[in-house]
Each structure stands twice: as C-alpha cells, then as structure tokens.
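Colleague: Predicted model follows, preceded by the sequence.
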Amino acid sequence: MLGVSSRTLQRLICKETDRAPAYWILLARARRAAREMVEPTSLADIAETHGYADQSHMTREFKRWFDLSPSVMRNTPNILDQLFNRGYG
C-alpha cells in the first residue's frame, strides 16, 4: 500500500525514530494491555489476550515500559487516563 518493501519501511522507521519497528510494536502491545486495566478483567486474562506468556511476563513488561506494576496502574486513575491520549497531537 505504501509502495515500498517491508525492509525499506523498516529502514525508514529506524532512520526517522532511532528505534527499530519491534520497539514500537512492543510499546503498542503494552499500551493496549494497559488500557484494559479499566475493565474488571483479571490480569492473567489481560496477559493472555495480549500475547504475553503469562501474568509475570506482562508485569515485567509493564515495569519496563511504564515503571509501574499492572496492579499499581489499575489503582491509579490519572495514569490510566494518560494511556487513552494519543501519542501525538
């Protein structure tokens, strides 16, 4: 659709953002999972839904990306509100 190969697109993303496409994919997954913290779904179910190996894996990734555990995030409404903001205005 963009008229370039997937490898060219990868190079362009790296050049423009100084990050590999995998970085953006993992960040997007963490943000999607974090947005579900507003629901009464169990953390294990959220982890499974978003492709984490288990709840512990999701917890490690949350700490990596957000410097918070999922349970702290779930109990901090102003942080959850931020996750619904677009990254760019």
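Modeller: Cool, the structure landed.

Colleague: Against Ile25, how distant is Trp65?
Modeller: With distances taken as Cβ to Cβ, to the nearest Å, Trp65 is found 12 Å from Ile25. (C-beta placed from N, C-alpha, C; glycine too.)

Colleague: Which one of these two is surrounded by more residues?
Modeller: Trp65 (15 against 10; other Cβ atoms under 10 Å).

Colleague: where's that one, which helix or strand?
Modeller: Element membership for Trp65 (DSSP states H and E) is helix 55-66.

Colleague: That helix packs against which elements?
Modeller: Packed against helix 55-66 by the contact rule (3 or more Cβ pairs under 8 Å, 6 or more residues apart in numbering; DSSP states H and E) you find helix 21-35, helix 43-49, helix 70-74.

Colleague: what separates that helix from the chain centre, distance-wise?
Modeller: 10 Å (Cα atoms, centre = their mean, to the nearest Å).

Colleague: Please name the nearest non-neighbouring residue to the residue positioned nearest the centre of the chain.
Modeller: With distances taken as Cα atoms, centre = their mean, Ala30 lies nearest the centre of the chain, 2.0 Å away. Spatial nearest neighbour of Ala30, excluding adjacent residues (Cβ to Cβ, 6 or more residues apart in numbering): Trp65 at 4.5 Å.
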